[in-house]
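> what's the 3D shape of this:
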Amino acid sequence: MSYARNLEHRPASVDPRLPPIGSLRRSVALFRAFRVEQTDPDRFYSLLAADSVREASRWCDLRGATVLDVGGGPGYFADAFRAAGASYAGVDPDVGELTARGEVGTNTVRASGLCLPFADETFDLTYSSNVLEHVPDPEAMAREMLRVSKAGGTVLISWTPWLSPWGGHETAPWHYLGGRYAANRYAARHGHRPKNDFGRSLFGYSIGRMRTWARTAESAGDLQVVAMLPRYHPWWARWVIRVPGLREVVSWNAVLVLVKG
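Numbers count the residues shown, from 1 in each chain. Have a look, this model is predicted:
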């Protein structure tokens, strides 16, 4: 698996208030924001979107680029991508997510990441943040993202590995005892099923599984693997992604950056 760092772009200054890329201060800021995801979603998702778009700009020049956001949700990422100069389109299968901030945003449609309603080779960047673990066939979603990307276009996928401390989402850390056990325990304690219900809206995928898919596709000439990174770690801790086993537990969130063909 190759890591073509010569393809990296100068990151855009999407939000000057963000701590520097790769710094420990950035990791701490994201962690603090993560703790208020449920109580202050505007703060959390605005910061995450701005940081994520800044990271995406390392691999794709966003000025004038056409961007598809798979699982874009209520518009935080749309705002951040447009602020970076991109032409944005978003898809999300969940009406609740699409309308979480009120009306559905412009250039956003209800659709599944497993069957994207776009023609082949349409987008310069096809992006997905924390969606892969919510579909029953992650390789199919990755192939769809690759299909709608232009030749030479960038595909960026991030997801939460199952064995990470947040792999079970709101049912964590009980997912270490089994996904169904964790979901049933949550339902018993709260009186309703979790939003991220194992086997229905949450699935357990490893970094190793997606790495194997990408390596196979790269061998077939379908893509080039540019980078695989732990999304929230400072630069000096990114080595953990290269260690089988360890990466599944301590990465928290994985990023796979691909270039089509």
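> name the SS class of V226, please.
strand (DSSP: H, G, I helix; E, B strand; the rest coil).
> all helices for the chain, in order.
Assigned by DSSP state H, the chain shows helices spanning 24-34, 41-56, 76-83, 95-98, 138-147, 179-190, 207-219, 246-250.
> helix or strand with the lowest mean pLDDT in the protein?
When the helices and strands of the chain are scored by mean pLDDT, DSSP states H and E, helix 95-98 comes last with a mean of 63.
> could the helices of the chain go into TSV alongside mean neighbour count and distance to P173?
Every C-beta, even on glycine, is put in place using the N, C-alpha and C of the backbone. Output for the helices of the chain, formatted as TSV (neighbours: other C-beta atoms under 10 Å; distance: least, C-beta to C-beta, whole Å):
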stretch	mean neighbour count	distance to P173
helix 24-34	15	15
helix 41-56	20	20
helix 76-83	22	27
helix 95-98	14	25
helix 138-147	20	22
helix 179-190	16	8
helix 207-219	16	19
helix 246-250	17	11
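> can you put those helices in CSV and add distance to Y127?
Shown next, in CSV, are the helices of the chain (distance: least, C-beta to C-beta, whole Å):
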stretch, distance to Y127
helix 24-34, 18
helix 41-56, 6
helix 76-83, 8
helix 95-98, 16
helix 138-147, 8
helix 179-190, 27
helix 207-219, 15
helix 246-250, 22
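> what's the closest of these to L163?
helix 246-250 (4.1 Å; C-beta to C-beta).
> and the contacts of that closest one?
If you take C-beta atoms under 8 Å, 6 or more residues apart in numbering as the criterion, helix 246-250 is touched by P161, W162, L163, S164, P165, S206, I207, G208, P230, V240, I241, A254.
> pLDDT score for the first one?
According to the model's per-residue confidence, P161 sits at a pLDDT of 98.
> so who does it touch?
So P161 contacts G167, Y205, S206, I207, R247, E248, S251, W252, N253, A254 (C-beta under 8 Å, 6+ apart).
> of those residues, keep whichever come out buried.
G167, Y205, S206, I207, R247, E248, S251, W252, N253, A254 (16 or more other C-beta atoms under 10 Å).
> shouldn't the last one be in contact with I241?
Yes. Contact criterion C-beta atoms under 8 Å: A254 and I241 qualify, at 6.9 Å.
> take the buried ones among the contacts of P161 and keep only those in strands.
If you go by DSSP state E, those have A254 in strands.
> next, give me the two most distant ones among the contacts of helix 246-250.
P165 and G208 (17.7 Å).
> apart from its neighbours in sequence, what residue is nearest D69?
G90 (4.4 Å; C-beta to C-beta, 6 or more residues apart in numbering).
> state the distance from W235 to R143.
Plainly put, W235 is 31 Å away from R143 if you go by C-beta to C-beta, to the nearest Å.
> same question for F118.
Counting by C-beta to C-beta, the gap from F118 to R143 is 14 Å.
> and L18, by the same measure?
L18 is 32 Å from R143, by C-beta to C-beta.
> again, but for G167
23 Å.
> low-confidence bits of this protein, can you list those?
Applying pLDDT under 70 to the chain flags the ranges 1-17, 95-105.
> and R63, how many neighbours does it have?
10 (other C-beta atoms under 10 Å).
> wait, doesn't it sit right on R82?
No. Using C-beta under 8 Å, R63 is not in contact with R82; the gap is 11.4 Å.
> so what's W174 up against?
Residues in contact with W174 (C-beta under 8 Å, 6+ apart) are G168, Y181, A182, R185, Y186.
> before we move on, what about Y176?
Contacts of Y176 by C-beta under 8 Å, 6+ apart are L163, G168.
> please redo it, this time with the cut-off set to 10 Å
W162, L163, P165, G167, G168, A182, V249 (C-beta atoms under 10 Å, 6 or more residues apart in numbering).
> how close does it sit to R189?
Per C-beta to C-beta, Y176 is found 17 Å from R189.
> can you check G71 too?
28 Å.
> same question for L258.
L258 is 40 Å from R189, by C-beta to C-beta.
> just E55 next, same as before
36 Å.
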